[in-house]
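Peer 1: Predicted structure and sequence below. I'll ask about it afterward.
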Amino acid sequence: MQFEGTAIAAMGDVIAVKLLAPWPGRPGAEVAIITGEPGARLLANGRLAQTRAQVASFELVTGWQQLDLRTTTRYPTELGAEVRSVLGDSRQPGTIVDLSYGGMAVMVGSKPGGREVAITMRAGAFSATLPCRIAAVVASDHGVMLHLEFMNLTGGQQAFIRNVVASIQAALLFRAQQAS
(Lines give C-alpha, C1' and ligand atoms only; values in the text may rest on other atoms or scores of the structure.)
Protein backbone atom coordinates (compact mmCIF):
# COMPACT_ATOMS: atom_id res chain seq x y z
CA MET A 1 0.00 0.00 0.00
CA GLN A 2 1.33 3.45 -0.88
CA PHE A 3 0.22 6.89 0.26
CA GLU A 4 1.32 10.35 -0.81
CA GLY A 5 1.58 13.32 1.46
CA THR A 6 3.46 16.47 2.42
CA ALA A 7 5.67 16.79 5.48
CA ILE A 8 4.27 19.60 7.62
CA ALA A 9 6.40 19.34 10.77
CA ALA A 10 9.38 17.50 12.20
CA MET A 11 10.75 17.33 15.72
CA GLY A 12 13.60 15.01 16.57
CA ASP A 13 12.76 11.56 15.25
CA VAL A 14 9.08 12.33 14.60
CA ILE A 15 7.69 13.65 11.32
CA ALA A 16 4.09 14.78 10.72
CA VAL A 17 2.69 14.24 7.23
CA LYS A 18 -0.53 15.62 5.73
CA LEU A 19 -1.89 12.82 3.53
CA LEU A 20 -4.18 12.96 0.53
CA ALA A 21 -6.50 10.45 2.24
CA PRO A 22 -6.86 9.30 5.86
CA TRP A 23 -4.31 6.65 6.95
CA PRO A 24 -6.03 3.26 7.39
CA GLY A 25 -3.32 1.73 9.62
CA ARG A 26 -3.05 1.44 13.37
CA PRO A 27 -0.36 2.94 15.61
CA GLY A 28 2.77 0.80 15.63
CA ALA A 29 2.49 -0.20 11.96
CA GLU A 30 5.89 -0.29 10.26
CA VAL A 31 6.35 1.97 7.22
CA ALA A 32 8.98 3.05 4.71
CA ILE A 33 9.09 6.81 4.20
CA ILE A 34 10.44 8.07 0.89
CA THR A 35 11.09 11.71 0.09
CA GLY A 36 12.77 13.73 -2.64
CA GLU A 37 12.88 13.95 -6.40
CA PRO A 38 13.81 11.04 -8.70
CA GLY A 39 17.56 10.58 -8.62
CA ALA A 40 17.82 12.26 -5.21
CA ARG A 41 15.39 10.23 -3.11
CA LEU A 42 15.91 9.38 0.54
CA LEU A 43 14.45 6.45 2.51
CA ALA A 44 13.90 5.95 6.24
CA ASN A 45 12.08 3.18 8.07
CA GLY A 46 9.49 4.33 10.55
CA ARG A 47 6.55 3.42 12.71
CA LEU A 48 3.11 5.05 12.71
CA ALA A 49 2.80 7.00 15.97
CA GLN A 50 -0.73 8.44 15.61
CA THR A 51 -3.29 9.79 13.14
CA ARG A 52 -5.86 12.58 13.18
CA ALA A 53 -8.03 13.01 10.10
CA GLN A 54 -5.55 13.26 7.21
CA VAL A 55 -2.46 13.95 9.32
CA ALA A 56 -0.25 11.07 10.44
CA SER A 57 2.85 11.24 12.59
CA PHE A 58 5.67 8.75 12.14
CA GLU A 59 8.58 7.93 14.42
CA LEU A 60 11.76 7.36 12.45
CA VAL A 61 13.38 4.04 13.33
CA THR A 62 16.39 4.44 11.03
CA GLY A 63 18.28 7.40 9.62
CA TRP A 64 17.78 8.68 6.09
CA GLN A 65 19.61 6.75 3.33
CA GLN A 66 20.02 7.32 -0.41
CA LEU A 67 17.47 5.34 -2.45
CA ASP A 68 18.47 4.30 -5.96
CA LEU A 69 16.05 1.77 -7.42
CA ARG A 70 18.14 1.45 -10.61
CA THR A 71 20.66 -0.47 -8.50
CA THR A 72 18.10 -3.25 -8.00
CA THR A 73 18.41 -6.41 -10.08
CA ARG A 74 18.02 -5.80 -13.80
CA TYR A 75 16.16 -8.47 -15.73
CA PRO A 76 16.94 -9.09 -19.40
CA THR A 77 14.05 -8.82 -21.82
CA GLU A 78 13.24 -8.13 -25.45
CA LEU A 79 9.91 -6.39 -24.98
CA GLY A 80 8.85 -3.94 -27.64
CA ALA A 81 8.20 -0.33 -26.72
CA GLU A 82 7.28 3.02 -28.16
CA VAL A 83 9.49 5.90 -27.06
CA ARG A 84 7.85 9.32 -27.14
CA SER A 85 9.73 12.53 -26.48
CA VAL A 86 8.07 14.71 -23.87
CA LEU A 87 9.39 17.83 -25.65
CA GLY A 88 7.70 17.14 -28.96
CA ASP A 89 5.60 14.67 -30.83
CA SER A 90 8.45 12.44 -31.95
CA ARG A 91 7.78 8.73 -31.56
CA GLN A 92 9.98 5.79 -32.39
CA PRO A 93 9.97 2.06 -31.77
CA GLY A 94 12.39 0.61 -29.25
CA THR A 95 13.35 -2.63 -27.56
CA ILE A 96 13.52 -2.88 -23.77
CA VAL A 97 16.73 -4.81 -23.11
CA ASP A 98 16.57 -4.77 -19.32
CA LEU A 99 14.02 -3.86 -16.69
CA SER A 100 14.26 -3.21 -12.94
CA TYR A 101 11.91 -1.80 -10.34
CA GLY A 102 13.55 1.60 -10.81
CA GLY A 103 13.95 1.88 -14.58
CA MET A 104 14.93 0.25 -17.82
CA ALA A 105 17.36 0.28 -20.72
CA VAL A 106 15.83 0.77 -24.17
CA MET A 107 17.55 0.45 -27.56
CA VAL A 108 16.26 3.01 -30.10
CA GLY A 109 17.36 4.28 -33.49
CA SER A 110 18.21 7.82 -32.33
CA LYS A 111 18.23 9.86 -29.15
CA PRO A 112 14.93 11.65 -28.52
CA GLY A 113 15.01 15.33 -27.65
CA GLY A 114 14.96 16.47 -24.06
CA ARG A 115 15.68 14.73 -20.77
CA GLU A 116 12.31 13.05 -20.28
CA VAL A 117 10.46 10.44 -22.34
CA ALA A 118 7.27 8.44 -22.07
CA ILE A 119 7.71 4.73 -22.73
CA THR A 120 4.69 2.70 -23.76
CA MET A 121 5.38 -0.96 -23.15
CA ARG A 122 3.18 -3.97 -23.78
CA ALA A 123 3.37 -7.23 -21.86
CA GLY A 124 0.87 -9.82 -22.99
CA ALA A 125 -2.59 -8.28 -23.15
CA PHE A 126 -1.62 -5.34 -20.93
CA SER A 127 0.22 -2.10 -21.57
CA ALA A 128 1.30 0.98 -19.65
CA THR A 129 2.82 4.33 -20.48
CA LEU A 130 5.64 5.10 -18.07
CA PRO A 131 7.23 8.55 -17.51
CA CYS A 132 11.03 8.31 -17.44
CA ARG A 133 14.08 10.51 -17.03
CA ILE A 134 17.07 9.81 -19.26
CA ALA A 135 19.92 8.91 -16.90
CA ALA A 136 22.49 8.02 -19.59
CA VAL A 137 22.80 7.64 -23.36
CA VAL A 138 25.23 5.23 -25.02
CA ALA A 139 25.60 5.29 -28.82
CA SER A 140 26.70 2.21 -30.76
CA ASP A 141 26.66 0.82 -34.29
CA HIS A 142 23.25 -0.73 -33.51
CA GLY A 143 21.55 2.44 -32.33
CA VAL A 144 21.28 4.35 -29.08
CA MET A 145 20.84 2.76 -25.65
CA LEU A 146 18.77 4.91 -23.31
CA HIS A 147 19.24 4.18 -19.61
CA LEU A 148 16.02 5.40 -18.01
CA GLU A 149 14.83 6.03 -14.48
CA PHE A 150 11.10 5.89 -13.72
CA MET A 151 9.55 9.17 -12.57
CA ASN A 152 6.58 9.49 -10.22
CA LEU A 153 4.84 6.24 -11.14
CA THR A 154 1.25 5.81 -10.04
CA GLY A 155 0.24 2.79 -8.00
CA GLY A 156 -1.16 1.14 -11.15
CA GLN A 157 2.07 1.75 -13.09
CA GLN A 158 4.13 0.32 -10.21
CA ALA A 159 1.89 -2.77 -10.10
CA PHE A 160 2.37 -3.19 -13.87
CA ILE A 161 6.17 -3.13 -13.45
CA ARG A 162 6.00 -5.58 -10.51
CA ASN A 163 3.89 -7.98 -12.59
CA VAL A 164 6.20 -7.77 -15.62
CA VAL A 165 9.29 -8.33 -13.43
CA ALA A 166 7.58 -11.31 -11.74
CA SER A 167 6.78 -12.76 -15.17
CA ILE A 168 10.40 -12.35 -16.32
CA GLN A 169 11.67 -13.92 -13.07
CA ALA A 170 9.35 -16.92 -13.58
CA ALA A 171 10.51 -17.36 -17.19
CA LEU A 172 14.18 -17.20 -16.17
CA LEU A 173 13.59 -19.74 -13.39
CA PHE A 174 11.78 -22.06 -15.82
CA ARG A 175 14.67 -21.83 -18.32
CA ALA A 176 17.22 -22.54 -15.57
CA GLN A 177 15.26 -25.59 -14.43
CA GLN A 178 14.99 -26.86 -18.01
CA ALA A 179 18.73 -26.46 -18.52
CA SER A 180 19.65 -28.50 -15.44
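Peer 2: Cool, got the structure. Given the structure is predicted, the values throughout are model-derived calculations rather than measurements.
Peer 1: So what's the gap between stretch 120-130 and the chain middle?
Peer 2: The chain centre lies 15 Å from the centre of stretch 120-130; the measure is CA atoms, centre = their mean, to the nearest Å.
Peer 1: Can you mark which positions in it are buried?
Peer 2: Buried residues in stretch 120-130, defined by neighbour count with 16 or more other CB atoms under 10 Å: M121, A123, A128, L130. Placement of C-beta: from N, CA and C, glycine included.
Peer 1: measure that stretch end to end?
Peer 2: 6 Å (CA to CA, to the nearest Å).
Peer 1: again, but for stretch 76-94
Peer 2: Stretch 76-94: ends 15 Å apart by CA to CA.
Peer 1: give me the number of residues near R41?
Peer 2: 16 (other CB atoms under 10 Å).
Peer 1: what's the farthest-apart pair in the buried residues of stretch 120-130?
Peer 2: Largest separation among those by CB to CB: A123 and L130, giving 11.6 Å.
Peer 1: so where's the longest strand in this structure?
Peer 2: strand 126-140 (DSSP state E).
Peer 1: Domain parsing of the chain, as residue ranges.
Peer 2: 5-67, 70-179 (automatic domain parsing).
Peer 1: List phi and psi for the spatially closest residue to S90 that is not a sequence neighbour.
Peer 2: If the residues on either side of it in the chain are set aside, S90 comes closest to P112, at 5.8 Å by CB to CB, 6 or more residues apart in numbering. The phi/psi pair for P112 (degrees, to the nearest 10) reads phi -70, psi 160.
Peer 1: ok, P112 touching Q92?
Peer 2: Yes - contact status for P112 versus Q92: in contact at 7.1 Å, counting by CB atoms under 8 Å.
Peer 1: Spit out the residues that contact these two alike.
Peer 2: Listed as contacting both P112 and Q92 by CB atoms under 8 Å, 6 or more residues apart in numbering are V83.
Peer 1: So the two - more neighbours on which side?
Peer 2: P112 (24 against 17).
Peer 1: In a helix, I168, correct?
Peer 2: Yes - according to DSSP: H, G, I helix; E, B strand; the rest coil, I168 belongs to a helix.
Peer 1: on that earlier part again, what residues are shared contacts of A123 and L130?
Peer 2: Contacts common to A123 and L130, judged by CB under 8 Å, 6+ apart, are F160.
Peer 1: Who does the residue lying closest to F3 once chain neighbours are set aside form a beta bridge with?
Peer 2: Residue nearest to F3 in three dimensions, not counting chain neighbours: L19, with 5.4 Å by CB to CB, 6+ apart. Beta bridges link L19 to G5, judged by DSSP bridges.
Peer 1: Just give the number of residues close to L19.
Peer 2: 15.
Peer 1: Check whether it really touches A53, as I assumed.
Peer 2: No - assessed by CB under 8 Å, L19 is found out of contact with A53, at 9.1 Å.
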